[in-house]
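K.L.:
This is the structure alone, sequence omitted:
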């Protein structure tokens, strides 16, 4: 299943990421060996990294429009931002597929 990113979908994803803060991530505590991060910690770190990438892309675009950043840097930041959004959307699609698969299971 291929995911295409529509302008409206990208806008919604962007607005959702703008509202996120590091404090929004749930607190995660180790219950096992502290040498291995839990799935929740990995997911939280990945989410924070994606939000930072999107914000950096936005800041680069604004700086580029003001003439404060070279075009090459703006393009690189924008491509990184696009990749972050596509990855996030693909992950969301996989989670939804897994949920639907679980819902189809007979008990």
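P.N.:
Thanks, I have it. Model, not experiment: these values are computed from the prediction.
K.L.:
and the helix or strand containing residue 96, which residues are buried?
P.N.:
Using DSSP states H and E, residue 96 maps to helix 71-104. Buried residues in helix 71-104, counted by 16 or more other CB atoms under 10 Å: 74, 77, 78, 81, 84, 85, 88, 89. (Each C-beta comes from the backbone N, C-alpha and C, glycine too.)
K.L.:
For the fourth one, give me the pLDDT.
P.N.:
Predicted confidence (pLDDT) at residue 81: the value is 93.
K.L.:
Which residue, other than its chain neighbours, is closest to it?
P.N.:
Of all residues not flanking residue 81 in the chain, residue 57 sits nearest, at 2.7 Å (CB to CB, 6 or more residues apart in numbering).
K.L.:
didn't the one you found look like it was pressed against residue 78?
P.N.:
Yes: counting by CB atoms under 8 Å, residue 57 touches residue 78, with 5.4 Å between them.
K.L.:
Would you confirm that residue 61 contacts residue 78?
P.N.:
Yes: in this structure, residue 61 is within contact of residue 78 by CB under 8 Å, at 6.2 Å.
K.L.:
How far off centre is stretch 36-48?
P.N.:
Between the centre of stretch 36-48 and the centre of its chain there are 12 Å (CA atoms, centre = their mean, to the nearest Å).
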